[in-house]
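Asker: need coordinates for the below:
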Amino acid sequence: MYQIKHVRNFSIIAHVDHGKSTLSDQIMQICGGISKNKVNTRILDFMDLEKERGITIKARSVSLKYFEKSNNINYFINFIDTPGHIDFSFEVFNSLKVSDGVLLLIDASQGIQSQTIEHFNIAKKMNLKVIPVINKIDIPGININCIRREIEDLTKTDANDILICSAKLGIGIENIIKSIIKNIPYPRGKVSSLFQAKVIDSWFDKYSGIFFLVKIENGIVKKGISIKSLTSDQMYKVKEVGIFSPKKVIHETLFCGEIGWISCFEKKSISIKHVDTLVDVCFSGQNVRNNSKNTNYNVYSSLFPVNQDDFNNLESSLDKLNLNDSGFSYIHESSHTFGRGFRCGFFGTLHMEIVQERLKREHGANIVMTSPSITYKVELKTGKEIYINNPNDLTKVNNIKSIYEPVAITEIITTEEYFGEISSLCQSCRGRKISISFCKDKFTLIYEIPFFEIVSGFFSKIKSISSGYASFRYNSIFFKKEDIVCVYILINKKRIDVLSSVLHKKNSLLYARQTVKKLKEFIDRRQFDIVIQASIENRVVAKSIVKRLRKNVVSKCYGGDVNRKKKLLLKQKIGKKMMKKIGNIEFSQELLNSITVFFHKKK
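Answerer: Numbers count the residues shown, from 1 in each chain. The predicted structure is shown next:
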């Protein structure tokens, strides 16, 4: 029989690659959710992208039963496996809002890393019960006592209460489940109250329409009842309810405290965000507070359909994808080069790449995505301040007094082996040292680093230098006055708006020259000259010409009147002028797509 005091809702949080998905598999196996031969197969990472990259992109919930023999009670365990990458912190935030406690997983070979600290701080701010777990104890040569002391210092947890396990080998999993039942409180709510549910996630199914993943905070929900969005008052008729265990299972009723899904067979795009609350149609109170987190996007990019006839289809695809990924935003935009498109905001470059790939794979979108850009603060001579994230918007602004670039306070944790190279990397990226500390075989470097450098591959360079054994995070961003300029790329004197870039003047000339050089290599020769230029502050600083293909129109003239040859050459000259004019207007979409891809990889 269902009783709310036998329910436990928790999330698993950790740094990247510390074993969250493997631990999830082991918990599911013990609770009967999957068979033993399915362990270590990352069951909850159902997207191909997650399996290919070896990371968790979407938080995934599972509802299981665990029979505790000591008191003969069946416990209902609902847990959420969360992403570890910094670009998907919004998924962690949404998951923790519906959890009553967390498992804080730490890799025994790496210890506490940047995202370990970040996720722990979020959990503590939400007053959640934290159970530290040391994973990968099967690795030879590890010092568990040292890791215990690190965890004690961070979490103030007694060393005896820190659990150990090997998710890979299935060691210590039962103890973790027992600790969850003992230490994590059951959810608060009343089954007898009117239905209220917090929306965790949503997604679109082409057959059944829109699904909501929810936590029932009060009351019950079942097929046939009418519900509404507390924010928009939009009403829905419930058609099906159920849980994931881990496969989708239809239930007759979802009770207070449970985490499950609701389907209303709604196929129209609707404006409901993950922070929304669903309630019974009779609910009229305002006691359910919408704790939405202000969204500050770190990276921006423009998105265009290759074929302009597909614009409406692309907008529909973005609407559907945004249901499942509320972490990106989009507004209409127009480009002289690509036509109608969208200006999109993301939490990072990895997040941007994932959205691009999901649009292509899940929705069949044929798209062009520009290189990432960031937000700059522009101070006008009038004293007014504006914020710009599109390089082309700078040309529309007059009376600019100064430009401020975003700078991040970064924290890098590394060992002595990689300290020198990482310090040199920070210096080369215009970093300013704030402090360096050493504790228990690890260096902690605090640097001010321009955010442009961070989104241009800084984290990837750190991982490459340290073979993945250094961690990185940034916890605040401020604006600093710098000498910032815009580099414009012109092809046959026509500005290619999507290739404009804003960067520090110190790097602008080298960037302009390299860009022109690479474009020359990338662009195929035509029957007319293609002039590539880069300009900074209305001055051309780099130029290259892709020479035309030569066609000998007089090759068939064997002797005869010279006027015949002159006539043919004049006709060719006029034709080339017309071809050049048309070429400027109808520049190859595929070519520009290839250039954009090149720039994205370059950064």
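Asker: quick one, what contacts the residue positioned nearest the centre of the chain?
Answerer: The chain has residue 351 as the residue nearest its centroid, 2.3 Å off, counting by C-alpha atoms, centre = their mean. Residue 351 makes contact with 87-88, 299, 327-328 under the criterion C-beta atoms under 8 Å, 6 or more residues apart in numbering. Every residue, glycine included, has its C-beta placed from N, CA and C.
Asker: by pLDDT, give me the weakest of those.
Answerer: Lowest in pLDDT among those is residue 87, which has 79.
Asker: of the contacts of residue 351, closest to residue 200?
Answerer: For the contacts of residue 351, the closest approach to residue 200 (C-beta to C-beta) belongs to residue 327, at 13.4 Å.
Asker: the closest residue to that closest one other than its chain neighbours - how many residues pack around it?
Answerer: Spatial nearest neighbour of residue 327, excluding adjacent residues (C-beta to C-beta, 6 or more residues apart in numbering): residue 90 at 4.6 Å. Look at residue 90: counted by other C-beta atoms under 10 Å, it has 19 neighbours.
Asker: residue 90 - that's part of a strand, no?
Answerer: No. Residue 90 is assigned helix when assessed by DSSP: H, G, I helix; E, B strand; the rest coil, not a strand.
Asker: quick one, grab the pLDDT at it.
Answerer: pLDDT, residue 90: 82.
Asker: do the same with residue 539
Answerer: Residue 539 is assigned 92 on the pLDDT scale.
Asker: beta partners for it?
Answerer: When bridges are called by DSSP bridges, residue 539 pairs up with residue 536.
Asker: what's the distance between it and residue 408?
Answerer: Distance, residue 539 to residue 408, by C-beta to C-beta, to the nearest Å: 31 Å.
Asker: number of residues surrounding the closest residue to residue 399 other than its chain neighbours?
Answerer: Distance criterion C-beta to C-beta, 6+ apart; nearest residue to residue 399, sequence neighbours excluded, is residue 381 at 4.3 Å. Using other C-beta under 10 Å, residue 381 is surrounded by 10 other residues.
Asker: cool, residue 366 as well?
Answerer: Neighbourhood size, residue 366 [other C-beta under 10 Å]: 14.
Asker: ok, residue 385 next?
Answerer: Neighbours of residue 385 (other C-beta under 10 Å): 12.
Asker: name all residues that make contact with it.
Answerer: 377-379.
Asker: coming back round to it: dump the contacts of residue 351 into TSV; add distance to residue 238 and neighbour count as well.
Answerer: Formatted as TSV, these follow (distance: C-beta to C-beta, whole Å; neighbours: other C-beta atoms under 10 Å):
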residue	distance to residue 238	neighbour count
87	34	22
88	30	24
299	38	24
327	27	23
328	29	22
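Asker: got TSV for the residues you listed, with distance to residue 199 too?
Answerer: Converted to TSV, these look like this (distance: C-beta to C-beta, whole Å):
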residue	distance to residue 199
87	22
88	18
299	26
327	15
328	18
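Asker: out of these, which are inside strands?
Answerer: residue 299 (DSSP state E).
Asker: for the contacts of residue 351, which one is nearest residue 17?
Answerer: Nearest member of those to residue 17, counting by C-beta to C-beta, is residue 88, at 13.7 Å.
Asker: that closest one - nearest residue in space that isn't next to it in sequence?
Answerer: Residue nearest to residue 88 in three dimensions, not counting chain neighbours: residue 57, with 6.3 Å by C-beta to C-beta, 6+ apart.
Asker: what is the end-to-end distance of stretch 440-458?
Answerer: One end of stretch 440-458 sits 26 Å from the other (C-alpha to C-alpha, to the nearest Å).
Asker: please begin residue numbering at 736 from this point
Answerer: From this message on, residue numbering opens at 736, which makes the last subject stretch 1175-1193.
Asker: buried residues in that stretch?
Answerer: For stretch 1175-1193, burial by neighbour count (16 or more other C-beta atoms under 10 Å) applies to 1177-1178, 1180, 1182-1191, 1193.
Asker: same list, the residues you listed, but as CSV with secondary structure, pLDDT and distance to residue 1095 please.
Answerer: As requested, the buried residues of stretch 1175-1193 are exported to CSV (DSSP: H, G, I helix; E, B strand; the rest coil; pLDDT from 0 to 100; distance: C-beta to C-beta, whole Å):
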residue, secondary structure, pLDDT, distance to residue 1095
1177, strand, 83, 40
1178, strand, 88, 41
1180, strand, 92, 38
1182, strand, 94, 36
1183, strand, 94, 37
1184, strand, 93, 32
1185, strand, 92, 31
1186, helix, 90, 27
1187, helix, 87, 27
1188, helix, 87, 28
1189, helix, 86, 26
1190, helix, 82, 22
1191, helix, 77, 23
1193, helix, 85, 26
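Asker: just give me the neighbour total for residue 877.
Answerer: The burial count for residue 877: 17, using other C-beta under 10 Å.
Asker: need the contact list for it.
Answerer: Contact analysis of residue 877 by C-beta under 8 Å, 6+ apart lists 843-844, 871.
Asker: do the same with residue 740
Answerer: residue 921.
Asker: so it belongs to a helix, correct?
Answerer: Yes. Judged by three-state DSSP, residue 740 forms part of a helix.
Asker: in the protein, which ranges drop under the pLDDT threshold?
Answerer: Along the chain, segments meeting pLDDT under 70 span 772-781, 1004-1010, 1020-1031, 1285-1297, 1299-1300, 1303-1304, 1306-1338.
Asker: excluding its backbone neighbours, what's nearest residue 784?
Answerer: Nearest residue to residue 784, sequence neighbours excluded (C-beta to C-beta, 6+ apart): residue 1092, at 5.7 Å.
Asker: secondary structure element for that neighbour?
Answerer: Element membership of residue 1092 [criterion: DSSP states H and E] is helix 1084-1098.
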